[in-house]
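J.: no sequence for this one, just the structure:
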């Protein structure tokens, strides 16, 4: 028997199918907290994208994907390491997917651009990156900075060098020509004066540079005691590879914010031996929360976590803690909770400076081991110093946090 | 100041020779197939990875370079035989799109085969350290790479200019129809030419391994510079690319003295200037 639909039945089906996509969306917005992981999976920082996503997913999984009886879902988007793409992804996720919280970006330039959207759309952003502008001239009530302040990073690293190598007094800097590098250079000048170093030269290199010998020729000619790399990512890896070819063993290579543990595998052991590196995170950090994190990460991914994963894990974990602390999943309440909280995080006892939204946290200095001293394939370095000097308040340019 | 200029000049010539090697292969393919080989960067990256694998297996660096040449040449032949040749029946645009696609496929294969983490290799002990010239130091490996590049370019020049095979090749480039009418298998010639150009890209990748490592995206970085060199030298000029390669290296290096941050931008500005005022390039003919 052939069924012929009546016009009324047809209209009923059409209405049902037409509204069907809307219903879950409404339900989603009321019963689910959507958190964005806006991170680069292509471009210069492509190596970090998956690692950030891993850390975020693990934090959520360990929390049961639920907070205060509300489901939490993660949304991952590729910012391509480009500010325009990052802004577009955040805007799309907020408008189409109901995202109210996000972690990102990995690059300062991208994160700062996204911060504008966060303030406008009232989204809570937990950012990472080396620019001081997050907590300085472009601070905002909706943006928090997980990574250390550049002053903290430079101070911790150069303090170690001053104590351990008192004979080394002159520094040549190689600086990435964008906000991140400029912030590091600014504080290198301040900290070098505080600690009695002499800066004998600086060269800015374009972002994404792959040819460094023209700069390194100048460095070697200037005969500094230290080459300080105010650059990061693939740029830093390439610069170190090419510097190794000069055989200038009398010049110490120091990177206050240059390579995280995730990238050390990209260098041959003889290229990284003796490198002094400032670290936002290192798997050996001796805190209960970090031990729990490292064990869970190792069990799930059969690897040790690095900065990218630790940032995402700790940021998501902190946001969930703040929601519980606020007894609410609403953004304004969570912001207020974060501003007054103090908690045991992956890096130790942590809090947020309410005047700047900078995470108050330690910074680690690691020294790379020779291949013969490595206990396993990822045992690249050991923590040799820890510093937590905050940016001097008179240097901070965050005028005032606006009302929510 | 004079010593700094001299030092940067030496560095520029050395780096320029590596650019020249890369662009020389690109120029051969451009001449033979009359299309810009957008997969040239990917073949360069392939050469770096093959060289890395060879030395990781314990082979000497020289054999690693040979493997880089052979592997990329083989890939170039396959590209010509199974992609460009069939696409040529559909026209110029189809060939361009095919080469774009081939570059993406090779890059993805590198990621699948070798992983996402970049790889590093230190030069053999004999080539580590630097030579002190009095007014500057030059890393031994960079000196080796530039001399080696020059020798390879001279060898290929001799092959093209002084052998019967070279004569066929030149005829195939300049008058393909006449050459075919004389009974020469031009398709075979194009295949061999493609192998040579691709092999040179792979060899350049192997040579660059101790300097820039091996990453799947390294081809894109180098391809940009290689095209700049090709345009400055003249799209139709095989040897213009060699002179332009050295010129680009020197300009890039000398700019680092006064305006380091502009040392890369200036070569692209130079390319735009050439396109505006001398579109045939410095050594090309209208």
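T.: Structure's in. What do you need? What you are looking at is a predicted structure, and each value in this text was computed from that prediction instead of being measured.

J.: for the residue nearest to residue B:182 when sequence neighbours are not counted, what are its contacts?
T.: For residue B:182, ignoring the flanking residues on the chain, the nearest one in space by C-beta to C-beta, 6 or more residues apart in numbering or on different chains is residue B:171 at 8.0 Å. To be clear about C-beta, it is placed using only N, CA and C from the backbone, and glycine gets the same treatment. Residues in contact with residue B:171 (C-beta atoms under 8 Å, 6 or more residues apart in numbering or on different chains) are B:178, B:179, B:182, B:184.

J.: got the buried residues for the one helix or strand residue B:171 maps to?
T.: In the assignment (DSSP states H and E), residue B:171 maps to helix B:164-174. Going by neighbour count (16 or more other C-beta atoms under 10 Å in any protein chain shown), the buried part of helix B:164-174 is B:168, B:169, B:171, B:172, B:173.

J.: so what's the fourth one up against?
T.: Neighbouring residues of residue B:172 by C-beta under 8 Å, 6+ apart: B:32, B:179, B:184, B:186, B:189, B:190, B:193.

J.: Check which helices and strands the helix or strand harbouring residue B:254 is in contact with.
T.: Using DSSP H and E, residue B:254 maps to helix B:240-258. When contacts are defined as 3 or more C-beta pairs under 8 Å, 6 or more residues apart in numbering or on different chains; DSSP states H and E, helix B:240-258 packs onto helix A:213-222, helix B:2-33, helix B:218-233, helix B:265-277.

J.: any chance of these in a markdown table, with distance to residue A:167 too?
T.: Below are the helices and strands packed on helix B:240-258 laid out as a markdown table (distance: least, C-beta to C-beta, whole Å):
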| stretch | distance to residue A:167 |
| --- | --- |
| helix A:213-222 | 17 |
| helix B:2-33 | 27 |
| helix B:218-233 | 38 |
| helix B:265-277 | 39 |
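
J.: Out of those, which is closest to residue B:88?
T.: helix B:2-33 (8.2 Å; C-beta to C-beta).

J.: So that closest one, near chain A or not?
T.: Yes: if you take C-beta under 8 Å from any C-beta of the partner chain as the test, helix B:2-33 does meet chain A, through B:3, B:4, B:7, B:8, B:11, B:12, B:14, B:15.

J.: So which residues on the stretch 1-150 of chain B come close to chain A?
T.: Listed as neighbours of chain A in the stretch 1-150 of chain B under the rule C-beta under 8 Å from any C-beta: B:3-4, B:7-8, B:11-12, B:14-15, B:116-123, B:128-130, B:136-137, B:139-142.

J.: that older thread, chain center to the helix holding residue B:254: distance?
T.: Distance, stretch centre to chain centre, for helix B:240-258: 15 Å (C-alpha atoms, centre = their mean, to the nearest Å).

J.: same check, this time on stretch B:121-131
T.: Between the centre of stretch B:121-131 and the centre of its chain there are 23 Å (C-alpha atoms, centre = their mean).

J.: where's residue A:268 relative to residue A:275, distance?
T.: Residue A:268 is 12 Å from residue A:275, where distance means C-beta to C-beta, to the nearest Å.

J.: circling back: list the buried residues of the helix holding residue B:254.
T.: B:240-257.

J.: Stretch B:96-110 too?
T.: Judged by neighbour count (16+ other C-beta under 10 Å), stretch B:96-110 contains these buried residues: B:98, B:99, B:102, B:103, B:106, B:107, B:110.

J.: and the fifth one, what does it touch?
T.: This points to residue B:106. Neighbouring residues of residue B:106 by C-beta under 8 Å, 6+ apart: B:39, B:42, B:43, B:45, B:46, B:75, B:219.

J.: what helix or strand does it sit in?
T.: Following DSSP H and E, one finds residue B:106 within helix B:92-114.

J.: so residue A:385 sits in a strand?
T.: Yes: residue state for residue A:385 (DSSP: H, G, I helix; E, B strand; the rest coil) corresponds to a strand.

J.: could I get the helices and strands packed on helix B:240-258 as TSV with mean pLDDT and mean neighbour count?
T.: Shown next, in TSV, are these (pLDDT from 0 to 100; neighbours: other C-beta atoms under 10 Å in any protein chain shown):
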stretch	mean pLDDT	mean neighbour count
helix A:213-222	90	23
helix B:2-33	85	23
helix B:218-233	89	24
helix B:265-277	90	14
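
J.: what's the closest of these to residue A:369?
T.: Comparing those by C-beta to C-beta, helix A:213-222 comes nearest, at 24.3 Å.

J.: List the contacts of the closest one.
T.: By C-beta under 8 Å, 6+ apart, helix A:213-222 touches A:172, A:174, A:200-201, A:203, A:205, A:227, A:239, A:242-243, A:245-246, A:248, A:251, B:3-4, B:7-8, B:11-12, B:14-15, B:130, B:136-137, B:139, B:142, B:211, B:252-253, B:255-257, B:260, B:263.

J.: make it 6 Å
T.: With contact meaning C-beta atoms under 6 Å, 6 or more residues apart in numbering or on different chains, helix A:213-222 is reached by A:172, A:174, A:200-201, A:203, A:227, A:242-243, A:246, A:248, B:7, B:11, B:137, B:253, B:256.

J.: could you measure the spatially most central residue of chain A against residue B:261, distance?
T.: The C-alpha lying nearest the average C-alpha coordinate of chain A belongs to residue A:128 (C-alpha atoms, centre = their mean; 3.1 Å). Residue A:128 sits at a distance of 25 Å from residue B:261 (criterion: C-beta to C-beta).

J.: And for residue A:256?
T.: Distance, residue A:256 to residue B:261, using C-beta to C-beta: 20 Å.

J.: ok, these two, which is more surrounded?
T.: Higher neighbour count among residue A:256 and residue B:261: residue A:256, with 30 against 17, using other C-beta atoms under 10 Å in any protein chain shown.

J.: any idea how far that one is from chain B?
T.: Spatial separation of residue A:256 from chain B under the definition C-beta to the nearest C-beta, to the nearest Å is 20 Å.

J.: what ranges do the strands span in the stretch 301-404 of chain A?
T.: Remark: strands assigned in the stretch 301-404 of chain A by DSSP state E, counting those that start in this stretch are A:342-345, A:348-353, A:358-360, A:363-368, A:381-387.

J.: now the angle from the fourth one to strand A:381-387?
T.: Calculated by axes from the mean of the first three to the mean of the last three C-alpha atoms, to 10 degrees, strand A:363-368 forms an angle of 150 degrees with strand A:381-387.

J.: Report the buried residues of strand A:363-368.
T.: By 16+ other C-beta under 10 Å, the buried positions in strand A:363-368 come out as A:363, A:364, A:365, A:366, A:367, A:368.

J.: which residues are contacting the helix or strand encompassing residue A:194?
T.: Element membership of residue A:194 [criterion: DSSP H and E] is helix A:179-195. Helix A:179-195 is contacted by residues A:108-109, A:130-132, A:150-151, A:154-155, A:158, A:162, A:173, A:175, A:199, A:230-231 when judged by C-beta under 6 Å, 6+ apart.
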